[in-house]
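J.: Quick one, what's the 3D model for this:
(2 chains)
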Amino acid sequence: MRLAVADEDLSACVSCGLCLPHCPTYRVTGEESASPRGRIAAMRATHATDAPAGPEFAEFMDLCVQCRGCEVACPSSVPFGRLMEGARATLARETAYQPRRRRMGYAVLGHHRLLLLASSAAAVLQRLHLVPARLGLPRLPLRRPRLRPGDTAGPGGRPIGTAGPGGRPIGTAGPGGRPIGTAGPGGRPIGTAGVGGRPPEPDAWLFTGCVMDAWMRPTHAAALRVMHATGARVALPGPGGDCCGALHVHAGLRRQAEALARRVMASMPGDAHVVVDSAGCGAALKDYGALLGTAEARRFSDRVLDVHEWLAARAGRLPAARRRLTGPVAVQDPCHLRHVQQAHQHVRTVLAPYADLVELGDDGLCCGAGGAYAGIHPAMAQEIRARKVAAIAATGAPVVASANPGCIVHLAGAGLDVRHPVDIIAWSLDGG
Amino acid sequence: MAGVASGEAACNSARQTGGVTDALAAELSAAMAPDRVRSGPLELTLYRRDASLLEGQPGVVCFPSTTDEVQAAVTIARRHGRAVVPRGSGTGLAGGAVPVGVDGAEPVVIVTTKMDRVLEIDADARVAWVQPGVLNLDLSRQVAHLGLHFAPDPSSQQSCSVGGNVANNSGGPHCLAYGVTSAHVLALEVVLPDGSLALLGDLDPEPPGYDLRGAFVGSEGTMGIAVRIAVRLSPDPPAVRTVLVDFASIETAASTVTGIIAAGLVPAALEMMDARITSAVEDYVHAGFPRDAAAVLLVELDGLPAGVEAATQIVADVAAANGARGVRVAADEAERALLWKGRKSAFGAIARIAPDYYLHDTVVPRTRLVEVLSEVYEIAARHRLLVVNVFHAGDGNLHPLLVFDRREPGVMARVLAAGTDMIAACVAVGGVLSGEHGIGLEKRDHMGLIFSDDDLDAQRRLRLAFDPEQACNPHKVLPSGSGCGDLQSVPAGAWI
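T.: This is a model prediction of the structure:
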């Protein structure tokens, strides 16, 4: 079965095996089928024949967390992520690899109101003890704070906003520069209009995402708080700017991912930076240029920055800490921040003035969260996590900083106190 | 061995192996957890090769987790008339773990990766007992807090297993000063080819009787499978200095190597990389390797601080006298680590030049380095091939890599011919076939170049003492039927 991969990518592996210890599933199993080298060998064997791919091939591909730790470990820079996405796209298109149930789950992510409703309903059921623990869901929020997009901390701050549905500005600036904010779909304010009814260009957009907005909106509020503290004018995406499509790309559902990418791009027009506080979403947004292959998408991707990357360039404008955590904070690098965006050092730059940081001794090995992975392969995800938990325990730090919602939820599931770096900074700025 | 098969595990196994139908696989499954025996066709293809070029075909792959299970696997395989092929991380460069069977029956591959525990550390005696699947670098990391490390450091040390190091008597950059694996293994518990267990060697430095431990280390899986290994741990040196020297010609780099040793120094490591490979690794590590150098030397000096200081000066002086363009001393541990990462990534970075490589491992007298190197380049040019050199210059251990794309028609024949010429050139100046990678399958047929029939027969008889039926990693190391001078090029069942 011909896979949707480039022959040159497939032949770039010399099978040296230097990737093996950097692969979380190989670390757990010690098996070639669960290693980058073995997966590439399986792709080669499948790609070389006309026979349809069997269940073995789908199993080997599906067990990959797509952390891409192997890519940075590879001296020949084999583009493993691209190979795996191509293999899964072929499987999804030509086999029963993604069953209807899973496809429906992925589809919901792009319908934000439905997602918020479903999340709230699940939160109620959780309180009634009607959600089985084996699903591994975190404790879901019953309520979510309103985000105030136009707030600025500095004097002279001017609220700005985003276009409402159909480009119609909704909401107006209130007196004193404070935004009033009109509730958008799902009760979330989607912005305020600037002077003259046309929203002025913000300094930055904060991308809010799908599941993260449903489950961890206070972290977005903290990101806004910290971004405002630099004096920037921040806007939230317009309608459609909800789901980045990363999970769809990982699942091989490329068409859906492309449609979501176009929506996200349209939701944040202009030239301002697109700031992302979820490492997984940020990596996806930065890859739109490759996903869509258009000049417009490449220009959009060039505007995308991880929130720490954006803050690090403005670190001098951040106020001093008004309070500090007492113990050290262990920095856990999300894979898509460290291996894919390679922006993980910025977390340290930004967080160091607010906490005593300690490093993990595991070379940035994946924690096993992997977007939807922990839900699809819970047993493997937990075995991978056990190694991360041990690496964290070895530091003795009581708090873990992690810049990705998936990692936060997954590690918190092991009983750890895991916080987003912007949550720590916002807490520190606000004082006691 | 206990026949344990809980319902859940059995179900798991059926999913993962595509149904255990074969009697051999069924018996192996009964002897160890069923999900650790695999015979799915796609999974078997993943074990057809290691990091070398040749491919074989396994019949079953199993992953024992205890000594009992290794014994059971060997016994069952033999009862079914199958050979066994031990495998660690599969990073070998000579085809030692390529599965080749006997009498047309595909062998049982016994993978040790799940036996990955450090069993015991005695910091005072500087000894650790480890299972064979422990990764070389993991071992050093686990004892780092004691100020100790495991000295053999193959370039693949982050991935290769201690069991594999034992099988190949592996070396590495730092073996120039500290010796290869054999010097760091005190005792071994091994499963012999008949399934019985034996302890070779002793923690006592001078055990009585023949040094069977010494015979086993480097036997490439032909004498059994090590299941417990007592390794010597070395104290970390008090001071370390790493120097990068940059040359405008290969010849001046090579004469500097000779000059450093002649000056009375034995550096901890003394490595050379030529222009092409230096550029390729620089693309990966961005360590500041000079892209325009014809060759670079990486020299590491260790010991007491004053001695290291003096030795660094000597290296700089010798380099200058030989016309080096520049000498850079790593400023800190991070820079030092980055330089070594570059050196140790060299083989893996080859795909930046071409997708395949064929690697030799000959050793020549250090004083003949200059002439042998120029001959290596000439041979490659004669066969219209690209060769890159990255090697342990200090002990004359060459690693010429012929790089090519096997999709190019006819290229394999030229690669093999050039390889044979290179070996002949090295042997002609008094060199040997392999420094550290082993003979395996790839270099097996060149053994006749350096050993007489009598030599080979003596080695064959040693092997037969351990493995009378030649069922443990058959067709490796010794040319088949070496006693009768019957050299077939590649055994049936293996192909390139």
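J.: what's near enough to touch the residue most central in space within chain B?
T.: In chain B, the residue lying closest to the centroid (Cα atoms, centre = their mean) is B:H437, at 4.0 Å. Applying Cβ atoms under 8 Å, 6 or more residues apart in numbering or on different chains, we find B:H437 in contact with B:G92, B:L93, B:A94, B:N168, B:S170, B:L359, B:D361. Glycine gets a C-beta too; all of them are placed from N, C-alpha and C.
J.: Could you pull up phi and psi at it?
T.: phi -90, psi -10 (degrees, to the nearest 10).
J.: got it, and A:E8?
T.: Per degrees, to the nearest 10, the backbone of A:E8 is at phi -70, psi -40.
J.: so who does it touch?
T.: A:E8 neighbours (Cβ under 8 Å, 6+ apart): none.
J.: How about the residue of the stretch 251-400 of chain A found nearest chain B: what's its closest non-neighbour residue?
T.: The stretch 251-400 of chain A approaches chain B most closely through A:G361 (7.8 Å), counting by Cβ to the nearest Cβ. The shortest distance from A:G361 to any residue other than its chain neighbours is 6.0 Å, reached at A:A391 (Cβ to Cβ, 6 or more residues apart in numbering or on different chains).
J.: mind listing what that neighbour touches?
T.: Taking Cβ under 8 Å, 6+ apart, one finds A:L360, A:G361, A:D362, A:L365 in contact with A:A391.
J.: that older thread, helix or strand for the residue of the stretch 251-400 of chain A closest to chain B, which one?
T.: Taking DSSP states H and E as the definition, one finds A:G361 inside no helix or strand.
J.: picking that back up, now the two most distant members of the contacts of A:A391.
T.: Farthest pair in those (Cβ to Cβ) is A:G361 and A:L365. Separation: 10.0 Å.
J.: neighbour-wise, which of those two wins?
T.: More crowded of A:G361 and A:L365, by other Cβ atoms under 10 Å in any protein chain shown: A:L365, with 21 against 12.
J.: Please look at that one and A:P24 and confirm they touch.
T.: Yes. If you go by Cβ atoms under 8 Å, A:L365 and A:P24 touch, sitting 5.9 Å apart.
J.: quick one: common contacting residues for these two?
T.: A:G69, A:R387.
J.: So chain A: which segments form each domain?
T.: For chain A, the structural domains run A:7-97, A:112-312, A:319-430, going by automatic domain parsing.
J.: Any stretches of the stretch 1-150 of chain A with poor pLDDT?
T.: A:150 (pLDDT under 70).
J.: the bottom helix or strand of chain B by mean pLDDT?
T.: Lowest by mean pLDDT, DSSP states H and E among the helices and strands of chain B is helix B:7-17, with a mean of 37.
J.: still on that earlier bit, state the helix or strand in which the residue nearest to A:G361 lies.
T.: Using DSSP H and E, A:A391 maps to helix A:378-395.
J.: And B:G448, by the same measure?
T.: With DSSP H and E as the test, B:G448 turns up in helix B:447-450.
J.: Which elements pack onto that helix?
T.: Applying 3 or more Cβ pairs under 8 Å, 6 or more residues apart in numbering or on different chains; DSSP states H and E, one finds that helix B:447-450 makes contact with helix B:411-428.
J.: Just checking the helix it packs on against chain A, any contact.
T.: No. Using Cβ under 8 Å from any Cβ of the partner chain, helix B:411-428 never reaches chain A; the gap is at least 13.7 Å.
J.: Give me the residues contacting that helix.
T.: By Cβ under 8 Å, 6+ apart, helix B:411-428 touches B:358, B:360, B:362-364, B:372, B:375-376, B:379-380, B:382-385, B:387, B:398, B:400, B:402, B:404-406, B:432-433, B:443, B:446, B:449-450, B:496.
J.: pLDDT averaged over that helix - what is it?
T.: The average pLDDT for helix B:411-428 rounds to 94.
J.: in that helix, what's buried?
T.: For helix B:411-428, a neighbour-count test (16 or more other Cβ atoms under 10 Å in any protein chain shown) marks B:V411, B:R414, B:V415, B:L416, B:A418, B:G419, B:D421, B:M422, B:I423, B:A425, B:C426, B:V427 as buried.
J.: would you turn those residues into JSON lines with distance to A:T349?
T.: Shown next, in JSON lines, are the buried residues of helix B:411-428 (distance: Cβ to Cβ, whole Å):
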{"residue": "B:V411", "distance to A:T349": "49"}
{"residue": "B:R414", "distance to A:T349": "52"}
{"residue": "B:V415", "distance to A:T349": "49"}
{"residue": "B:L416", "distance to A:T349": "53"}
{"residue": "B:A418", "distance to A:T349": "51"}
{"residue": "B:G419", "distance to A:T349": "50"}
{"residue": "B:D421", "distance to A:T349": "55"}
{"residue": "B:M422", "distance to A:T349": "50"}
{"residue": "B:I423", "distance to A:T349": "53"}
{"residue": "B:A425", "distance to A:T349": "54"}
{"residue": "B:C426", "distance to A:T349": "52"}
{"residue": "B:V427", "distance to A:T349": "57"}
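J.: List, one by one, the residues from chain A near chain B.
T.: Near chain B, when you scan chain A using Cβ under 8 Å from any Cβ, you find A:11-21, A:29-33, A:38, A:41-42, A:45-46, A:54-57, A:59-60, A:74-78, A:361.
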